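Enquirer: Quick one, what's the 3D model for this:
(chains A and B)
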Amino acid sequence: MDSVIQVRDLTKTYKNTTALDGIDFDIERNTIYGLLGRNGAGKTTAMSILTAQNFATAGSVRVFGEDPYENPRVLSRMCFVRESQKYPDEATARSAFRSAAMFFPNWDQAFCDRLIDEFQVPMKTIIKKLSRGQLSAVGVIIGLASRAEITFFDEPYLGLDAVARQIFYDRLLEDYAEHPRTIILSSHLIDEISHLIERVLVIDKGRIIMDQSAEEARERATNVVGDAEAVESLVAGREVLHREGLGRVASVTFLGTLTEEERRAVEASGLELAPVPLQQLIVRLTQHQNTSETEGALR
Amino acid sequence: MTTATAAPRPLTNRTLGVVRLQLINTQSLVWVPLIVLAGAVAISLMIIPLIPFESTRIVGSAQAPLWYFVALGVQAMTLAFPFSQAMSITRREFFVGTLILGVIASAMMASIFILLAGFEVLSDGYWMNGHIAYLPYLFESGWIVGWLIYFTVTMFLFVIGFWMATIWKRFGTFAVVSIGVALALLVTFAIFLITKMQWWVAVVSWFVDIGVLGVTLGGLALTAVLALGTYATLRRATV
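Expert: Here you go, the predicted structure:
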């Protein structure tokens, strides 16, 4: 595996909270990642440490084989505009893009100009006075046009309307096809980005609970709907993520897939099988993790 | 809606790029200090004729733009640091670039004061023996030293502002206020001690012995030490 980022035993603690709890992961070259998790799960903290904007309490981070801290060689190949990015007080979108053009070696001005038109970003208004959506667009444009080898997008869609979000997804995919690079997309609109991402990294309470390809993730769980008794006998002995019941009908999401034989048998018995969308899986997995932790604590 | 702008060349020198990034805040960094300067000079010119004696009339109000450099140092940190991080600039590059900005601004301020002093000498103090920039004791050792004094004071104040803002970024308001109070106590205690022990004569003659140039060079050295302190604080500062 050709990894551009290696994270080992990374821990970040603030006064009384543990934001990252000894996590390990690798990021592969030229891949689109979804960095997913709830608010406060540790996504922004992880990205800040990877770009040396914040500091680890313990553990190591290697980017292109080197420590990114105070390392212009490594940093100039990365771009991380945060969701709550602060711009200079008097900056306009124009001056912000001019700066980005100075500091990102792969900056594409023509691409930037096209995105400005598409997102309809006012160029002469100071950024402080832009709407939330326009502010997000400025960050998105810097992230896309900088064409950095590793680009982080931190909740890039805040305040963007559906059309603007679609423009972002389309341009991202188009440009990625022409200029492959590593993209890490942090988001909690999982369904919306699930068709973009090739690998899924889920953080929950400072721990990695999923690190696999999007394909594997989608096959990880199955949903079965039908007669409650039949459903229960099918899932007996399997790890159940979620259960819903309405009278004699039950819907159960469980981990794992069925063999071809089991599948035929299930369908013959009148139960319905459905794949579990990524968002569902992550929500259930996160909830499951939390309940089993509380149960563990109660015991 | 947009005009295609030619992309500036990617910088070989990212540190100088920081100076340009800082200058996005043209109003705070250039126009406000100049307005403060013009205002201070104008006020001084109105005060001078009110001074009831005819010999050299000195007003100190033109120091205002120098003091403003504390605010300039603060703003150079708070307004630009978070964006510099998004531009993948290292803390070292940000520090050196911001210091270069301070040096350029201080040099310009010192030069303006020297020009003003030159005009005062040529015009006999605005034709009324008034002095704003040409303070005789500053020019005892010549005009170059005079320039150096203005430069040192300005740069010193800029670095103080820069360090204070960096401490605030890293440790918060409480730390800045505590340090301010501690320094005030220290200075008051020093004054108290010198007065109590009747050391003033010794202190004053010590300053006279090292001379204006000596004091200025000492000030420059102190500024350098403060700058190193700023860098040490900035190295672990987060946005």
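Enquirer: which non-adjacent residue is nearest the residue nearest the centre of chain B?
Expert: The residue lying closest to the centre of chain B (C-alpha atoms, centre = their mean) is B:Thr154, at 2.4 Å. For B:Thr154, ignoring the flanking residues on the chain, the nearest one in space by C-beta to C-beta, 6 or more residues apart in numbering or on different chains is B:Ser106 at 3.9 Å. All C-beta spots, glycine's among them, are computed from the backbone N, C-alpha and C.
Enquirer: Then A:Phe152?
Expert: Using C-beta to C-beta, 6+ apart and skipping residues adjacent in sequence, the residue nearest A:Phe152 is A:Phe80, 4.1 Å away.
Enquirer: Adjacent strands (with direction) for the host helix or strand of the one you found?
Expert: Per DSSP states H and E, A:Phe80 falls inside strand A:78-81. Using DSSP bridges, strand A:78-81 pairs in its sheet with strand A:150-154 (parallel).
Enquirer: From the chain's centre, how far out is the strand it pairs with? Work that out for me.
Expert: 10 Å (C-alpha atoms, centre = their mean, to the nearest Å).
Enquirer: next helix or strand past it?
Expert: Next helix or strand after strand A:150-154 toward the C-terminus (DSSP H and E): helix A:162-178.
Enquirer: what angle separates that next one from strand A:150-154?
Expert: Helix A:162-178 and strand A:150-154 are oriented at 170 degrees to each other (axes from the mean of the first three to the mean of the last three C-alpha atoms, to 10 degrees).
Enquirer: Strands of chain A, start to end?
Expert: For chain A, the strands defined by DSSP state E cover A:3-13, A:18-28, A:32-36, A:58-63, A:78-81, A:150-154, A:182-187, A:199-204, A:207-213, A:221-227, A:240-246, A:249-255, A:272-275.
Enquirer: Of those strands, which stretch is the most buried?
Expert: strand A:78-81 (a mean of 26; mean count of other C-beta atoms under 10 Å in any protein chain shown).
Enquirer: Show me how far it is from its chain's centre.
Expert: 15 Å.
Enquirer: Contacts for it, please.
Expert: Here strand A:78-81 makes contact (C-beta atoms under 8 Å, 6 or more residues apart in numbering or on different chains) with A:47-48, A:50-51, A:53, A:63, A:68, A:104, A:139, A:142-143, A:146, A:148-154, B:86, B:88.
Enquirer: how about the residue nearest to the centre of chain B, secondary structure?
Expert: helix (DSSP: H, G, I helix; E, B strand; the rest coil).
Enquirer: Any of the contacts of strand A:78-81 buried? List them.
Expert: Buried members of the contacts of strand A:78-81, counted by 16 or more other C-beta atoms under 10 Å in any protein chain shown: A:47-48, A:50-51, A:53, A:63, A:68, A:104, A:139, A:142-143, A:146, A:148-154, B:86, B:88.
Enquirer: Among those residues, which lie within helices?
Expert: Among the buried ones among the contacts of strand A:78-81, the residues falling in helices (DSSP state H) are A:Met47, A:Ser48, A:Leu50, A:Gly139, A:Ile142, A:Gly143, B:Ala86.
Enquirer: So the first one is in contact with A:Leu185, correct?
Expert: No: contact criterion C-beta atoms under 8 Å: A:Met47 and A:Leu185 do not qualify, at 10.6 Å.
Enquirer: Now for the two: what residues contact both?
Expert: Shared contacts of A:Met47 and A:Leu185 (C-beta under 8 Å, 6+ apart): A:Leu35.
Enquirer: Paired strands for the helix or strand bottoming out on mean pLDDT in chain B, with orientation please.
Expert: Lowest on mean pLDDT, DSSP states H and E among the helices and strands of chain B sits strand B:57-58, with a mean of 84. Here strand B:57-58 is paired, per DSSP bridges, with strand B:130-131 (parallel).
Enquirer: Which of the helices or strands spans B:Ile24?
Expert: Assigned by DSSP H and E, B:Ile24 falls outside every helix and strand.
Enquirer: where in chain A is pLDDT low?
Expert: A:1, A:293-299 (pLDDT under 70).
Enquirer: tilt between the helix ranked longest in it and strand A:249-255?
Expert: Under DSSP H, the helix in chain A containing the largest number of residues is helix A:278-298. With the same axes, to 10 degrees as the basis, helix A:278-298 and strand A:249-255 are set at 80 degrees to each other.
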